[in-house]
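J.: make a model of this:
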Amino acid sequence: MKWNVAIRKKMGNGAQGFDLDISFSSDAARLVLLGPSGAGKTLTLKAIAGLLRPDGGQIAFEGEALFDAAAGIDVPARDRGLGYLFQEYALFPHLTVRQNIAFGLDKGLRNPRRHADDPATERWLEALELGPLGDRFPDQLSGGQRQRTALARAFAAEPRALLLDEPFAAVDGVLRDKLRAQLHDLQARFALPILLITHDAADVKAFADEVVHVDAGRAVPNPTRSR
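T.: Predicted structure coming up:
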């Protein structure tokens, strides 16, 4: 199995509390978690990435345990080999496009040189059509350009899989279609497994080999066929 997830996490207390209790397994190269806002999709993704520690359960990727409460396993996020694309992209505002991408190449790198000529960085600048924007800062970019920069940074780290949190929510309809097609092509080109969370059925149509429906912190049966 590529993905094997069965976790529990209690957030908050009383009326303001939320209980995540989700289980799913999948061999899909392109897996989509689909559900409304507040369903627990982002909590699930953060737990898989190692950014949120579950209260119990297990997480495994390609047979490797990333988290197992009973066995005392909790692999640090930096060692899981999973790229994470935040919904708001989380670019470093004080670094240029080129530096943001270079940041993903070396775990120990803190401030890549602004005009460093690194072949891997240049490769991803070109792959994501960011070459002319290399010396710009995030606040000088459009929403689509920021997303492509974040994708380039994630791909540059050569992850084993890519986790995407509502990757098209911050861009308009026409650009959204273009970015979907671009990500689809990149995934096919590099054969990189992706796990994408969304509330948009169009993302399912564009990406999903398999869909897990999420509601109220749980995986639920699909009430209607999504494809």
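J.: so where's this protein shaky on pLDDT?
T.: Counting by pLDDT under 70, the chain contains low-confidence residues at 104, 106-117, 170, 223-227.
J.: select the longest helix from it.
T.: With DSSP state H setting the assignment, residue counts place helix 173-190 as the longest helix in the chain.
J.: which other helices and strands does that one contact?
T.: Counting contacts by 3 or more CB pairs under 8 Å, 6 or more residues apart in numbering; DSSP states H and E, helix 173-190 is packed against helix 143-156, helix 201-207. All C-beta atoms are positioned from the backbone trio N, CA, C, and that covers glycine.
J.: most tightly packed of those?
T.: Mean neighbour counts were taken over these using mean count of other CB atoms under 10 Å, and the top value, a mean of 23, falls to helix 143-156.
J.: circling back: tell me which strands the helix or strand immediately after the longest helix of the chain in the chain pairs with, and in which orientation.
T.: Beyond helix 173-190 on the C-terminal side, the first helix or strand identified by DSSP states H and E is strand 194-198. Here the strand partners of strand 194-198, with direction, are listed using DSSP bridges: strand 30-34 (parallel), strand 161-165 (parallel).
J.: can you redo these as a markdown table with mean neighbour count and distance to Ala127?
T.: As requested, the strands paired with strand 194-198 are arranged in a markdown table below (neighbours: other CB atoms under 10 Å; distance: least, CB to CB, whole Å):
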| stretch | mean neighbour count | distance to Ala127 |
| --- | --- | --- |
| strand 30-34 | 24 | 19 |
| strand 161-165 | 22 | 14 |
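J.: redo these as CSV? Include distance to Leu141.
T.: Conversion of the strands paired with strand 194-198 to CSV gives the following (distance: least, CB to CB, whole Å):
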stretch, distance to Leu141
strand 30-34, 27
strand 161-165, 19
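J.: this protein: helices as residue ranges?
T.: Ranges of helices within the chain are 41-49, 97-103, 119-127, 143-156, 173-190, 201-207, based on DSSP H.
J.: for the third one, enumerate the helices and strands it packs against.
T.: With contacts defined as 3+ CB pairs under 8 Å, 6+ apart, the secondary structure elements packing on helix 119-127 are helix 97-103, helix 143-156.
J.: figure out which of those helices is closest to Asp19.
T.: Between Asp19 and the helices and strands packed on helix 119-127, the shortest separation by CB to CB is 30.2 Å, and it involves helix 143-156.
J.: measure how that closest one sits relative to helix 173-190, angle-wise.
T.: Between the axes of helix 143-156 and helix 173-190, defined by axes from the mean of the first three to the mean of the last three CA atoms, to 10 degrees, the angle is 10 degrees.
J.: so how far is helix 143-156 from its chain's centroid?
T.: Its chain's average C-alpha position is 11 Å from that of helix 143-156, according to CA atoms, centre = their mean, to the nearest Å.
J.: contact partners of it?
T.: The contact list for helix 143-156 (CB atoms under 8 Å, 6 or more residues apart in numbering) reads 83-86, 89-91, 97, 100-105, 120-121, 124-125, 127-130, 133, 138, 141, 162, 167-168, 170-172, 175, 178-179, 182-183, 186, 190, 192.
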